[in-house]
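# Quick one, fold the following:
(2 chains)
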Number of protein chains: 2
Amino acid sequence: MRPKIQVALDLLRIQDALNIASKAAEYVDYLEAGTPLIKAEGLRAVTLLKKEFGDKVVVADMKTMDTGFLEASIAYEAGADYATVMAAADIGTVSGAVEARDKYGKGIMIDLLGVEDLEYARKLDELKPDYLLIHSGIDMQHRGIMPFEPVKKLSNMGLSAKIGVAGGLNKENIGGLQGLKVDLIIVGGFITKADDPGKAAKEVLEAVEEVF
Amino acid sequence: MRPKIQVALDLLRIQDALNIASKAAEYVDYLEAGTPLIKAEGLRAVTLLKKEFGDKVVVADMKTMDTGFLEASIAYEAGADYATVMAAADIGTVSGAVEARDKYGKGIMIDLLGVEDLEYARKLDELKPDYLLIHSGIDMQHRGIMPFEPVKKLSNMGLSAKIGVAGGLNKENIGGLQGLKVDLIIVGGFITKADDPGKAAKEVLEAVEEVF
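Modelled structure (predicted):
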């Protein structure tokens, strides 16, 4: 089974996010309300995405660094199917977000951005998250840091959690994930900044189907 | 000169934040829009705080983990005098937030939550942030972790940045900061959860004036 595809709607206005989602939804599985979108517009961005695209999985990229239970809870209450929490936060924050996941019967993704020693993923895996994410942030991509090496390492660690990967992915370089245990491919700018986001999303889907 | 006092308005609704701010403002210097408030309501929470309390310094606790320039910029455009960025983020994210600070002529606070080796603060200090924050998050406090030891260490490192401290502070334990180089004391629940937030804020001010 091919990995799921998630489009990261890293925009600042709900209407722009909804517009791109309407073009890309046909070719992707998960719609992500990006962190700057949530901060700019509030969690109603998540509510509106879920309302408009109820058949899609909606991810609230909360990037939670504290009050894990609270932040995951308000994301789920807003309509999110998944929330994200940072591995770089205190372990109590991560476990709090997992508790909220269990309470609401939703999903949690732990984002490893900022964690230098991937061995820490073993400890996080014990918390039974749905996903562990390898994530080269946008500022990291500007410094030439890509997610291929760390995701290769993580995919070989024999963890229970599903594995997601994000950071500068596009139709060309998805091939670099071939043979890896990857369950979720997150694509942002290649789709959202494309002249034709629908066409770009379709190309991502085709590339994923070819590689996996 | 005594340290500045910041009240962290960690609430989920703008109206609740404005209500508490109206009671506490007389006794504090900085009003902070908490991270869950920003995520729940969007940056209009910052805009409304600045509109209602224009003579106070308003801090947007963005806790930025990526797109440092963008997230700090939208906080300043919403009316924030200071934004926060996480030291645990990529260094490019932190420097991006500092660039936005320079562009907008505002202030930036780097939050050290999640950083285990405080020596890293020397590298961050080279970026010339306004504040470095020692921060025991709410989930850390639940595990008994308080900010006194790390703030003592940071205050002895001879850094250029001003130093702020947050995490479980109240009128009783502020005495534990005596003799340290602390420029900003951030108080949350002791004020926001008090039956009388105005009285609690006054007690914090009195404690700070007694200790420093």
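# ok, now which ones touch residue A:80?
The neighbours of residue A:80, taking C-beta atoms under 8 Å, 6 or more residues apart in numbering or on different chains as the test, are A:33, A:46, A:50, A:58-60, A:106. For every residue, glycine as well, the C-beta is placed using N, CA and C.
# Could I get the full set of strands for chain A?
Taking DSSP state E as the test, the strands found in chain A are A:4-9, A:30-33, A:57-64, A:82-86, A:107-111, A:131-135, A:162-166, A:184-187.
# Turn these into TSV, columns for mean pLDDT and distance to chain B.
TSV is the format used below for these (pLDDT from 0 to 100; distance: least, C-beta to the nearest C-beta, whole Å):
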stretch	mean pLDDT	distance to chain B
strand A:4-9	98	11
strand A:30-33	98	10
strand A:57-64	98	5
strand A:82-86	98	6
strand A:107-111	99	8
strand A:131-135	98	8
strand A:162-166	98	10
strand A:184-187	98	13
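# Would you mind measuring from the nearest residue to residue A:40 once chain neighbours are set aside to residue A:61?
In space, and not counting its chain neighbours, residue A:40 is closest to residue A:12: 4.7 Å by C-beta to C-beta, 6 or more residues apart in numbering or on different chains. Distance of residue A:12 to residue A:61, computed by C-beta to C-beta, to the nearest Å: 14 Å.
# repeat for residue A:155
From residue A:155 to residue A:61 the distance is 22 Å (C-beta to C-beta).
# Listing request: residues of chain A with sub-threshold pLDDT.
Residue ranges of chain A with pLDDT under 70: none are present.
# Pull up the residues of it that are close to chain B.
A:10, A:12, A:35-36, A:38-44, A:62-63, A:65-68, A:70-71, A:74, A:86, A:88-90, A:92-93, A:96, A:113-114, A:137-140, A:142-143, A:145 (C-beta under 8 Å from any C-beta of the partner chain).
# Please name the nearest non-neighbouring residue to residue A:114.
Per C-beta to C-beta, 6+ apart, closest to residue A:114 is residue A:88, 3.8 Å.
# got the contact list for the one you found?
Residues A:65, A:113-115, B:65, B:86, B:88-89, B:114 are the ones in contact with residue A:88 under the rule C-beta under 8 Å, 6+ apart.
# And for residue A:89?
Each residue near residue A:89 by C-beta under 8 Å, 6+ apart is listed here: A:64-66, A:68, B:88, B:113-114, B:137, B:139.
# again, only using 10 Å
Neighbouring residues of residue A:89 by C-beta atoms under 10 Å, 6 or more residues apart in numbering or on different chains: A:63-68, A:96-97, A:110-111, A:114, B:63, B:65, B:86, B:88, B:113-114, B:137, B:139-140.
# okay, the strands of chain A in CSV with mean neighbour count next?
Converted to CSV, the strands of chain A look like this (neighbours: other C-beta atoms under 10 Å in any protein chain shown):
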stretch, mean neighbour count
strand A:4-9, 25
strand A:30-33, 27
strand A:57-64, 28
strand A:82-86, 28
strand A:107-111, 26
strand A:131-135, 26
strand A:162-166, 24
strand A:184-187, 26
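# Now render these as CSV, adding distance to residue B:133.
As requested, those are exported to CSV (distance: least, C-beta to C-beta, whole Å):
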stretch, distance to residue B:133
strand A:4-9, 28
strand A:30-33, 27
strand A:57-64, 18
strand A:82-86, 17
strand A:107-111, 21
strand A:131-135, 24
strand A:162-166, 27
strand A:184-187, 30
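# Show the contacting residues for the residue positioned nearest the centre of chain A.
By C-alpha atoms, centre = their mean, chain A has its centre lying nearest to residue A:186, at 5.7 Å. By C-beta under 10 Å, 6+ apart, residue A:186 lies in contact with A:3-8, A:28, A:30, A:32, A:59, A:61, A:109, A:131, A:133-135, A:147, A:164-167, A:169.
# so which of the strands of chain A comes closest to residue B:23?
strand A:57-64 (28.5 Å; C-beta to C-beta).
# Give me the angle between the closest one and strand A:131-135.
70 degrees (axes from the mean of the first three to the mean of the last three C-alpha atoms, to 10 degrees).
# picking that back up, residues shared between the contacts of residue A:12 and residue A:61?
What both residue A:12 and residue A:61 touch, as defined by C-beta under 10 Å, 6+ apart, is the set A:34, A:36-37.
# any idea which of those residues is closest to residue B:207?
The closest of those, once distances to residue B:207 are taken by C-beta to C-beta, is residue A:36, at 37.6 Å.
# quick one: that closest one and residue B:62 touch, right?
Yes: between residue A:36 and residue B:62 there is a contact under C-beta atoms under 10 Å: 9.4 Å.
# How about the closest residue to chain B within chain A, nearest residue that isn't a chain neighbour?
Nearest to chain B, among the residues of chain A, is residue A:42, at 3.2 Å (C-beta to the nearest C-beta). For residue A:42, ignoring the flanking residues on the chain, the nearest one in space by C-beta to C-beta, 6+ apart is residue B:42 at 3.2 Å.
# Against residue B:143, how distant is the one you found?
Taking C-beta to C-beta, one finds residue B:42 at 31 Å from residue B:143.
# ok, the two, which is more surrounded?
residue B:42 (22 against 12; other C-beta atoms under 10 Å in any protein chain shown).
# Bridged to residue A:135, which residues?
residue A:166 (DSSP bridges).
# mind listing what it touches?
A:61, A:63, A:84, A:86-87, A:109, A:111-115, A:147, A:150-151, A:164-167, A:186, B:65-66.
# For the residue nearest to residue A:153 when sequence neighbours are not counted, what are phi and psi?
Closest residue in space to residue A:153, ignoring its immediate chain neighbours: residue A:118 at 5.6 Å, by C-beta to C-beta, 6+ apart. Phi and psi for residue A:118, reported as degrees, to the nearest 10, are phi -70, psi -10.
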